[in-house]
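In: 3D, please:
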Amino acid sequence: MVEEKIAYNKLPRALKLPYAVAVWTPIEARYLWHYYKNKNVPGYFALWSEYKKSRGMSRWHDMVDWIGGFPYEYATAEALTAFYEKDGFKLAKLLPNNGYGCHQLVFSRTA
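Out: The predicted structure is shown next:
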């Protein structure tokens, strides 16, 4: 995905929208297919209409932010855990990204 982020940021403003649509359409098609095969197409549309309530931004703005978010820094779950444990935090819960998105970590203070 790094290549797409670099390409997006090098484009002139007029080409960013079509590029974002081209990159995101296959991803969005998989979402729609998932809802369709589970007989929940209204759930797909609710994903769009209710998105801002849970994320604080529209689904579209979140996608553009994801495509254009460069430079960014990646850290493994292990590196993040080590960083916080040295300051007295203990990992309570981990949902690794499995190659997509962000790790989700919950820490508790032990000291």
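In: buried stuff in stretch 73-84?
Out: Thr81 (16 or more other Cβ atoms under 10 Å). Where C-beta positions appear, they are placed from N, C-alpha and C, glycine not excepted.
In: sorry, slip of the keys, the one I care about is stretch 86-96.
Out: So, applying 16+ other Cβ under 10 Å, buried residues of stretch 86-96: Phe89.
In: show residues contacting that stretch.
Out: Outside stretch 86-96, the residues within contact range by Cβ atoms under 8 Å, 6 or more residues apart in numbering are 77, 81, 84-85, 103-111.
In: does Asp65 touch Gly56 like I think?
Out: No: contact criterion Cβ atoms under 8 Å: Asp65 and Gly56 do not qualify, at 11.2 Å.
In: which one of the contacts of stretch 86-96 is nearest to Trp48?
Out: Distances from Trp48 to these, taken as Cβ to Cβ, are shortest for Gln104 (22.7 Å).
In: what about stretch 53-60, start to end distance?
Out: Start-to-end span of stretch 53-60 (Cα to Cα, to the nearest Å) is 13 Å.
In: what's next to it, contact-wise?
Out: Stretch 53-60 has contacts (Cβ under 8 Å, 6+ apart) with 47-48, 51-52, 62, 65.
In: in ChimeraX, select just the buried ones from those residues.
Out: Here is the ChimeraX command that selects only those of the contacts of stretch 53-60 that count as buried (16+ other Cβ under 10 Å):
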select :47,51
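In: now distance to Lys90 and pLDDT too, for the contacts of stretch 53-60, in a markdown table please.
Out: Converted to a markdown table, these look like this (distance: Cβ to Cβ, whole Å; pLDDT from 0 to 100):
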| residue | distance to Lys90 | pLDDT |
| --- | --- | --- |
| Leu47 | 35 | 89 |
| Trp48 | 38 | 90 |
| Tyr51 | 33 | 88 |
| Lys52 | 34 | 89 |
| Asp62 | 31 | 86 |
| Asp65 | 31 | 86 |
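In: quick one, phi psi at Leu94?
Out: Dihedral pair for Leu94: phi -140, psi 130, per degrees, to the nearest 10.
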